[in-house]
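>>> Sequence and computational prediction follow.
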Amino acid sequence: MSRFARDISDHELADYQRTVRLILRNGLITASWPDAKALLRVRRFSSTLRSDLSDAFGYRLELHGSTARLVRAKDLIDSTQPARSRTDRVFDRRRYAYLMLCLSVLGRAGVQITLTELADSVAADAGKIPGLGLDPDRGGDRRAFVDAVGWLEVRGALTLADGSSSSWMSDPNAGEALYDVARDVLFALYRPTRMVQALPSVKALLDHAVAESANEERRVASQVARRAVVERPVVYFHDVADAVVNHLRGSALAEDLKRLTGLRVERRAEGVLLVDTANFSPDRFPGTGSIAQVAILLAVEMADRIVDPDGRRVKRMDGASQASRQAELIGLIDAGLPEAGRFTFPVVDDDPSAIPIEDPAGGDDLRFPFIPESFLRTAVSGILTRYGSSFGADWHADPDRLGAEAVDLLIRFGCVQPIPGGVLVLPLTARYRNTVATTKSRRTQRGLF
């Protein structure tokens with residue numbers, strides 16, 4: 001009998017697995033987000049969910065008022081899942097700053113607030129931050145501010161009682177909006193346990209589990225392994241510690257995740273992935289749309305080039321390790337930490353008994369086929385030529401942008417790794433090598449594997 005979902009009967013198991021996927025995908029559940037029935041599902045299985053999510057992943061499920069919040073333990077800084085506006089605009093640093101300032105202001109507000117009052121309070125706080133500011137007379141500032149407010153509104157932290165944010169964004173002097181403030185949602189969204197001024201680096205926010213015994217070390221490593229599989233598109237063995245690899249290779253992990261999520265773990269020589277057959281991930285690959293279609297066709301072109309017996313031998317190059325990629329990303333984030341008002345503490349080395357997130361293998365395991373940018377441009381041009389009627393005129397007019405966005409998608413899903421002059425093709429690309437594409441009713445349809 002599985003160690004998870006012990007209290008769940010067979011006829012309830014599918015509903016339980018659907019709820020596990022729901023809370024893992026969204027993290028925050030409210031009366032309206034992601035839908036009106038989500039919170040009821042979580043409350044139905046709350047006791048078992050708390051136990052299983054804690055034991056399997058080291059996560060903490062909190063239920064407060066009309067909210068459910070999954071407090072995650074993070075092993076990596078992830079730049080592939082940014083906040084997005086209602087119009088799918090990716091948040092930049094200004095929008096993130098406005099979002100945090102909105103949370104701060106709303107935490108001090110009453111049960112209702114107008115958009116003008118919220119903007120004035122955020123502008124007062126933003127004016128104290130060098131390089132930020134908020135001027136309602138500037139269209140760019142207004143759009144960024146309304147995107148932050150819209151993010152809160154979608155999740156139920158704010159509920160429109162009267163007026164419209166769109167009319168305010170068009171003309172702050174003529175339009176207005178009145179919002180009801182949901183304090184329990186605000187409490188779930190933002191409850192920091194540490195002051196930002198006290199953080200020497202964003203790395204301090206990552207989980208540093210300390211194992212005091214051999215059994216505890218195995219338990220921590222198993223949680224890291226499960227977290228990696230459900231949070232990343234693919235987990236390569238060379239990117240994680242040996243202790244974690246042992247669990248990734250074992251049969252227990254696949255059985256546990258099948259029992260918890262209902263999804264199958266696919267294991268290859270280079271790593272593992274969770275096969276998403278239930279819309280578990282908000283962003284899927286292969287997927288629909290011009291960019292996703294070009295990305296899968298580009299993956300096929302690269303795979304064919306690598307195994308082409310008649311072509312020139314493809315050069316292999318060293319890939320960057322997970323640790324080096326993380327160090328680069330952490331350095332970029334830390335560069336934005338304000339110096340004013342920061343507290344400094346003595347630097348303490350990481351505990352040597354903590355489970356490392358990365359222990360790269362040596363030798364040829366980190367040498368991958370190199371595909372130059374010239375090949376990518378030619379391949380995208382060929383795809384547009386062969387499937388011309390399947391892509392709009394805008395993409396035909398700007399093939400470089402289409403190719404860049406397709407490559408970005410492949411990077412996000414662990415198919416390629418960018419380096420100067422091109423990309424390194426990672427093992428996951430071979431999974432899509434035999435994809436067959438046809439055109440039907442002016443739309444590209446991908447074949448089944």
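In hand now; what should we look at?
>>> would L106 count as being in a helix?
Yes - judged by DSSP: H, G, I helix; E, B strand; the rest coil, L106 forms part of a helix.
>>> burial count for it?
Other residues near L106 come to 25 when the count uses other CB atoms under 10 Å. Backbone N, C-alpha and C define where each C-beta goes, glycine included.
>>> Same question for T19.
The tally of other residues near T19 (other CB under 10 Å) stands at 23.
>>> Same question for S389.
A count of nearby residues for S389, using other CB under 10 Å, gives 10.
>>> With A292 as the reference, measure out to it.
Going from S389 to A292 by CB to CB, to the nearest Å gives 18 Å.
>>> cool, S170 as well?
Distance from S170 to A292, by CB to CB: 33 Å.
>>> the more surrounded of those two?
A count of neighbours by other CB under 10 Å puts A292 above the other of S170 and A292, at 20 against 12.
>>> Surely the more buried one is within a helix?
Yes - A292 sits within a helix when classified using three-state DSSP.
>>> Could you double-check that it lies in contact with F285?
Yes - between A292 and F285 there is a contact under CB atoms under 8 Å: 6.6 Å.
>>> hang on, L274 in a strand?
Yes - counting by three-state DSSP, L274 falls inside a strand.
>>> check contacts around it.
Taking CB atoms under 8 Å, 6 or more residues apart in numbering as the criterion, L274 is in contact with V229, V230, L257, T261, L263, R264, V265, E266, F280.
>>> Next: L189.
L28, R69, L103, L152, R155, A157.
>>> Same check on L24?
When contacts are counted by CB under 8 Å, 6+ apart, L24 touches L70, V230, T261, F280.
>>> Spatially nearest residue to the last one (excluding sequence neighbours)?
Translated: F280. R21 (4.9 Å; CB to CB, 6 or more residues apart in numbering).
>>> buried sites along the helix or strand encompassing the one you found?
Using DSSP states H and E, R21 sits in helix 10-26. Within helix 10-26, the residues that count as buried by 16 or more other CB atoms under 10 Å are Y16, Q17, T19, V20, R21, L22, I23, L24, N26.
>>> The third one and L298, how far apart?
Plainly put, T19 is 36 Å away from L298 if you go by CB to CB.
>>> hang on, the earlier thing: now render the buried residues of helix 10-26 as a markdown table, adding pLDDT.
Below are those laid out as a markdown table (pLDDT from 0 to 100):
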| residue | pLDDT |
| --- | --- |
| Y16 | 97 |
| Q17 | 97 |
| T19 | 97 |
| V20 | 97 |
| R21 | 96 |
| L22 | 96 |
| I23 | 96 |
| L24 | 95 |
| N26 | 92 |
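>>> quick one on the thing from earlier: find residues that contact each of A292 and F285.
Taking CB under 8 Å, 6+ apart as the contact rule, A292 and F285 both touch L409.
>>> thinking again about what came up before, among the contacts of L24, which ones are in strands?
Among these, the members falling in strands (DSSP state E) are L70.
>>> show me the contacts for L199.
By CB under 8 Å, 6+ apart, L199 lies in contact with L205, L337.
>>> in what helix or strand does Y98 lie?
helix 93-108.
>>> Looking at that helix now, give me its mean pLDDT.
The average pLDDT within helix 93-108 is 94.
>>> And for stretch 67-86?
Mean pLDDT, stretch 67-86: 91.
>>> Now do it: distance to the chain's middle.
6 Å (CA atoms, centre = their mean, to the nearest Å).
>>> And for stretch 375-384?
Here stretch 375-384 is found 28 Å from its chain centre; the criterion is CA atoms, centre = their mean.
>>> which one of the contacts of L24 has the most neighbours?
Going by other CB under 10 Å, T261 tops these with 23 neighbours.
>>> Domains of this protein: list them as residue ranges, please.
Domain assignment of the chain by automatic domain parsing yields the ranges 10-71, 93-189, 205-275, 290-337+363-446.
>>> Looking at those, which is nearest to V196?
Set against V196 and scored by CB to CB, the domains of the chain come closest in domain 290-337+363-446, at 8.0 Å.
>>> And I23, how close does it get to L409?
Distance of I23 to L409, given as CB to CB: 26 Å.
>>> do the same with P200
Distance of P200 to L409, computed by CB to CB: 34 Å.
>>> of the two, who's got more company?
The residue with more neighbours, out of P200 and L409, is L409; 23 against 15, by other CB under 10 Å.
>>> shaky segments in this protein?
Scanning the chain with the threshold set as pLDDT under 70 gives 1, 340-365, 437-449.
>>> Nearest the geometric middle of it, what residue?
With distances taken as CA atoms, centre = their mean, Q81 lies nearest the centre of the chain, 2.8 Å away.
>>> tell me the secondary structure for it?
Q81 ends up coil, using three-state DSSP.
>>> Okay, strands next: where are they in the stretch 101-250 of the chain?
Listed in chain order, the strands of the stretch 101-250 of the chain (DSSP state E, counting those that start in this stretch) span 112-114, 158-163, 177-181, 235-236.
>>> G271 reaches F237, doesn't it?
Yes - judged on CB under 8 Å, G271 makes contact with F237 at a distance of 5.2 Å.
>>> who touches both of the two?
L248.
>>> The two - which one has more neighbours?
Ranked by neighbour count (other CB under 10 Å), G271 and F237 place G271 first, with 24 against 21.
>>> in the sheet, who's paired with the more buried one?
As for beta bridges, G271 partners with Y236 under DSSP bridges.
>>> show me the contacts for it.
Shown in contact with G271 (CB under 8 Å, 6+ apart): V234, V235, Y236, F237, D239, L248, P427, L428.
>>> quick one: L39 and D52, what's the gap?
Counting by CB to CB, the separation of L39 from D52 is 18 Å.
>>> neighbour count winner among these two?
Each of L39 and D52 has its neighbours counted (other CB under 10 Å); D52 has more, 25 against 21.
>>> If you drop the residues flanking it in sequence, what lies closest to the more buried one?
Excluding the flanking residues, the one nearest D52 by CB to CB, 6+ apart is F4, at 4.9 Å.
>>> quick check, the one you found in a helix?
No - using three-state DSSP, the assignment for F4 is coil, not a helix.
>>> I'd like the distance from it to R50, if you could.
12 Å.
>>> same check, this time on H238
Taken as CB to CB, the span from H238 to R50 is 34 Å.
>>> Pull out the buried residues from the one helix or strand Q326 maps to.
Assigned by DSSP H and E, Q326 belongs to helix 322-334. Neighbour-count burial for helix 322-334 flags Q322, R325, Q326, I330 (criterion: 16+ other CB under 10 Å).
>>> Relative to D184, which of the residues you listed is nearest.
For these, the nearest to D184 is I330 (33.1 Å; CB to CB).
>>> Provide a list of residues in contact with that closest one.
Contacts were defined as CB under 8 Å, 6+ apart; by that measure I330 touches I77, S201, V202, K203.
>>> Now intersect those residues with the helices, please.
Applying DSSP state H to the contacts of I330, no entry is found in helices.
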